[in-house]
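Q: Give me a 3D structure for the following:
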Amino acid sequence: MEKAILGKKIGMTQIFSDTGEAVPVTVVEAGPCVVVQKKTVENDGYSAIKVGYEDIKEKKLNKPLQGQFKTRQLSFKKYLKEFRIQDADKYNVGDEIKVDIFQPGDKVDVTGTSLGKGYAGTIKRWNARRGPMTHGSKSHRLVGSSGATGVARVVKGLPRPGHKGAKKVTVQNLEVVKVDPERNFLLIKGSVPGPKKSLLFIKNSVKN
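A: A predicted model of the protein is given here:
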């Protein structure tokens, strides 16, 4: 990973390209992130940095988390995440990572928690087929057969009703359309996972 940043999803809109084409974009308020800790190959066996994002009151953190910021004389942050960056040596504790590390045209991977949709049946959750609606059928939206009966249990991996959404999702190879360093805005073409105000992890694309 060469560059990465944490951000918050603002919402979707559209902008117009130089040719007049309407481009759907997601607005992300990315950074600034503060480097809280640096890890090196000599001391830790790998190269990485730990960053903090979004200010928070001291009383809302537990003692161990408070200590990470107090010992380094940094402001308290709500989110902490470790970035395995190849050239971590160029960063020092207290440095800020801002949205200008990306440029228009860059390809990025965006990771977030998908929108939770509550408890759902197999038709909505797994696109299952419903049962007959007429001729006395009483199996309209039921689960149906669970497979073999000799094993006396439900085999793992069967599509069952349950909680839909609220899972970690990564969308790859999205294009950065515009960067606004003054407002810390990153405009990314297309949609990204999660509801508004949800946390996003943005890094350079691994498949570009």
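
Q: Just name the shakiest helix or strand of the protein by mean pLDDT.
A: Across the helices and strands of the chain, mean confidence by mean pLDDT, DSSP states H and E is lowest for helix 41-44: a mean of 82.

Q: In terms of pLDDT, where does the residue of the chain positioned farthest from its centre sit?
A: In the chain, the residue that sits farthest from the middle, by CA atoms, centre = their mean, is His135; the gap is 47.7 Å. pLDDT for His135: 94.

Q: pLDDT of the longest helix along the chain, averaged?
A: When the chain is parsed with DSSP state H, its longest helix is helix 63-70. Mean pLDDT, helix 63-70: 86.

Q: ok, and for it, which residues are buried?
A: 65, 68-69 (16 or more other CB atoms under 10 Å). From N, CA and C alone the C-beta is placed, and that goes for glycine too.

Q: who's in contact with Val155?
A: 146-148 (CB atoms under 8 Å, 6 or more residues apart in numbering).

Q: who wins for most neighbours among these?
A: Tallying neighbours with other CB atoms under 10 Å puts Ser146 at the head of the contacts of Val155, with 12 neighbours.

Q: ok so, going back, chain center to the least confident helix or strand of the chain, what's the gap?
A: Relative to its parent chain, helix 41-44 has a centroid offset of 28 Å by CA atoms, centre = their mean, to the nearest Å.

Q: one step back: any chance of the contacts of Val155 in CSV, plus pLDDT, secondary structure and distance to Gly7?
A: Compiled in CSV, the contacts of Val155 are given as follows (pLDDT from 0 to 100; DSSP: H, G, I helix; E, B strand; the rest coil; distance: CB to CB, whole Å):
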residue, pLDDT, secondary structure, distance to Gly7
Ser146, 80, coil, 43
Gly147, 77, coil, 44
Ala148, 75, coil, 48
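
Q: List the beta-bridge partners for the residue nearest to the spatial centre of the chain.
A: For the chain, the residue nearest the mean C-alpha position is Gly112 (1.7 Å; CA atoms, centre = their mean). Gly112 forms beta bridges with Val169, as assigned by DSSP bridges.

Q: All set, thanks.
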